[in-house]
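**Q** using only what follows, build the 3D model:
(chains A, B, C and D)
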Number of protein chains: 2
Amino acid sequence: MDIRHLRYFVTVAKLGSITRAAEELGMEQPPLSQQIRQLEQKLGVKLFERQTRGVKLTEIGETLLPRARVILELQAQFMVTAEGLARGELGHIRLGLAGAVPLLPVIPQAIRLFRDVAPDVTLSLEESNTPALCAALHESRTDIAIIRPPVPDPARLSVSHLLDEETVIALPRGHPLANEPVISLDMVAQEPLIIFPRELGPGFHDAILSAYHVAGVTPTMGQQAPQIAGTVPLVAAGMGVSVVPRSLCQIHAGGVTFHTISDPAPSATLAVAIRSGQNMPIVTRFVKILRTACRKWETMSPEAQFPQTGF
Amino acid sequence: MDIRHLRYFVTVAKLGSITRAAEELGMEQPPLSQQIRQLEQKLGVKLFERQTRGVKLTEIGETLLPRARVILELQAQFMVTAEGLARGELGHIRLGLAGAVPLLPVIPQAIRLFRDVAPDVTLSLEESNTPALCAALHESRTDIAIIRPPVPDPARLSVSHLLDEETVIALPRGHPLANEPVISLDMVAQEPLIIFPRELGPGFHDAILSAYHVAGVTPTMGQQAPQIAGTVPLVAAGMGVSVVPRSLCQIHAGGVTFHTISDPAPSATLAVAIRSGQNMPIVTRFVKILRTACRKWETMSPEAQFPQTGF
DNA sequence: ATTATCCATATATAATAAGTATGGATAATG
DNA sequence: CATTATCCATACTTATTATATATGGATAAT
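**A** All right, here's what the predicted structure looks like:
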């Protein structure tokens, strides 16, 4: 079997027609018919149901299609990587970041630090949610992910703790408590809690809810935010209050004030995850720099942690 | 670029020698040399440093090697998956069961049997009524349905008979006939008949009523039960009598006695239905196992059919 | 100094993918 | 209801490309 066969397979499946797939592939229809048939014989399964007008994926074809797509995706990345290497860049790291992670100053700091010691390594950043990032790691679409533990399926992944970030309460402007620097959770329990969907970060989500529970109150659930950082605009719009990592105070949304939480306060844990085994040297090097930076950062004063803000 | 090229690349890298890699690959050395050179040209990078004795990976080669391994690994998995699908050992089956079917011991037996021979196939079960199951089959929301014939719209479905289950009369405790082991339908014709709505199982419903008719009596219609198995609690509550598949005697409701019916007795037929045409091998395999189990079960004695009950 | 090992090149051959021409089946159209 | 158009399959030819064979050059081992 050949990558070409997979490309043919995916294209025919996409268009539902051998003829049109042949057009898109820049070839004639008969050879494509033959190649598809050949692939089916090689695999011993029928991928398409031939109909009078076009073809339709069989259930087996439906099962195999996503896997074929992954292989094609990786092959394309392989080519891109090689191209980058050909241009003299000595490596490439695909870095995945969980929601709101880039707002934590230590993360871009660590990235800049790495770029200083390894200027020839190109970085591509992607922001997503923890479960999606872990899946991307498993499928080798990402090399390093900074996530909010726990990871759904830690097998074949190596996860190490980075830091625990304090959380703060976000209140809309004009709120009766807006002038209180420190607030406890039970003081805002009756306000609608703006929170992101649990599937985007189960660990952090649960930490927030259990802190409410420990405080002896039950939060009033408000509107769901599309991501972690998406809660702030909703708070600004007066939809309710939210509990967010302190780094979100960097979003100068206007109309939002941030307040330290008196005990019990949830904390937002961050960890770095890579595939265990067979890793490129730059990957372990990056993780090392990242961990060092985070350890140092945790000992710093809040003023030094967030230089530009009033905290 | 081709998967073959990646295999050559990985093998040469592993052995550090084109000659020995050619041996392992079952080919001669010159074509392998050419293919490696060709791959290098295609990618625009030098993968190996040619030395007088063997070859050595360049830094770039070192970087690309793990990615090539990942692609090869995925390709191998793709082949294995296809092979498994061809043999019917992989995949997922959505199984629909008509009312009270799971109570018939042979059904869970057959499912367990199937899980033994195809442990990698995941199963999802759903209990519903015959017309709804047939609709689900048509819309591909279910792969296999065990239903009570006839099916409303048999076009594009393939239905095959499984077994005829004996029915029994369910009487409330303290009923004058509660001590009679065998009862005929005309003896209970004046008692309210608890029965499920006809739309939940037209075939079985009609079979019961026509048995009454053949016996020369007309049943007194009692309360409707929500499903087939739902008749038993109503009988226990003294709302009337019911005619149910013998397997329902497994519901130890207390307050209900079950009695063999003397001729004419309705029978509860079960059949298995799948979409005709293009089915995954696991589907036909499951049906085969199911039919075998049912054929065997029909020849068994009642004591063996219902091990834990007094029948 | 000689031999052996290993990779590269040149040429020939075999394998195979792509192209061309055409037929059959069915849905769309008048 | 007949006609046309669409789409896939088959048969055959051509072009491409991978492999095999033969051989030479370079260096390490003996």
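**Q** can you tell me what sits against stretch A:107-125?
**A** A:84, A:88-97, A:101-102, A:146, A:282, A:285-286, A:289-290, A:293-294, A:297 (Cβ atoms under 8 Å, 6 or more residues apart in numbering or on different chains). Where C-beta positions appear, they are placed from N, C-alpha and C, glycine not excepted.
**Q** that stretch: how far from the chain's middle?
**A** Relative to its parent chain, stretch A:107-125 has a centroid offset of 18 Å by Cα atoms, centre = their mean, to the nearest Å.
**Q** output that stretch as CSV, restricted to C-alpha atoms.
**A** Provided in CSV are the C-alpha atoms of stretch A:107-125 (Å, rounded to 0.1, in the frame of the first residue of the first chain):
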residue,chain,number,x,y,z
ILE,A,107,4.9,30.9,29.4
PRO,A,108,5.8,33.4,26.7
GLN,A,109,8.9,34.2,28.8
ALA,A,110,9.9,30.5,28.7
ILE,A,111,9.3,30.4,25.0
ARG,A,112,11.5,33.5,24.4
LEU,A,113,14.2,31.9,26.6
PHE,A,114,14.1,28.8,24.4
ARG,A,115,14.3,30.8,21.2
ASP,A,116,17.4,32.5,22.6
VAL,A,117,19.2,29.2,23.2
ALA,A,118,17.9,27.5,20.1
PRO,A,119,17.3,30.2,17.5
ASP,A,120,17.2,27.7,14.7
VAL,A,121,14.2,25.8,16.0
THR,A,122,10.9,27.0,14.7
LEU,A,123,7.9,26.9,16.9
SER,A,124,4.2,26.6,15.9
LEU,A,125,1.7,27.4,18.6
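**Q** could you pull up the mean pLDDT of it?
**A** Stretch A:107-125 carries an average pLDDT of 89.
**Q** re the thing from before, write the ChimeraX selection for whichever of the contacts of stretch A:107-125 are buried.
**A** Here is the ChimeraX command that selects the buried residues among the contacts of stretch A:107-125 (16 or more other Cβ atoms under 10 Å in any protein chain shown):
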select /A:84,89,91,92,93,94,95,96,97,101,102,146,282,285,286,289,290,293,294,297
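**Q** so of the contacts of stretch A:107-125, which ones are in strands?
**A** Members of the contacts of stretch A:107-125 lying in strands (criterion: DSSP state E): A:91, A:92, A:93, A:94, A:95, A:96, A:97, A:146.
**Q** ok, and the closest non-adjacent residue to the second one?
**A** What that stands for is residue A:92. The shortest distance from residue A:92 to any non-neighbouring residue, by Cβ to Cβ, 6 or more residues apart in numbering or on different chains, is to residue A:122 (4.8 Å).
**Q** quick revisit: which one of the ones in strands among the contacts of stretch A:107-125 sits closest to DNA strand C?
**A** residue A:91 (24.4 Å; Cβ to the nearest atom of the strand).
**Q** returning to that earlier point: now the ones in strands among the contacts of stretch A:107-125 in TSV, with distance to residue A:201?
**A** Output for those, formatted as TSV (distance: Cβ to Cβ, whole Å):
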residue	distance to residue A:201
A:91	30
A:92	27
A:93	23
A:94	20
A:95	18
A:96	13
A:97	12
A:146	12
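**Q** spell out which residues of the stretch 1-150 of chain A are next to DNA strand D.
**A** Contacts of the stretch 1-150 of chain A with DNA strand D, taken as Cβ under 7 Å from any atom of the strand, map to A:17-20, A:29-30, A:33-34, A:36-37, A:50-51, A:53-55.
**Q** mind listing what's buried along stretch A:218-238?
**A** Applying 16+ other Cβ under 10 Å to stretch A:218-238 flags A:219, A:222, A:225, A:227-236 as buried.
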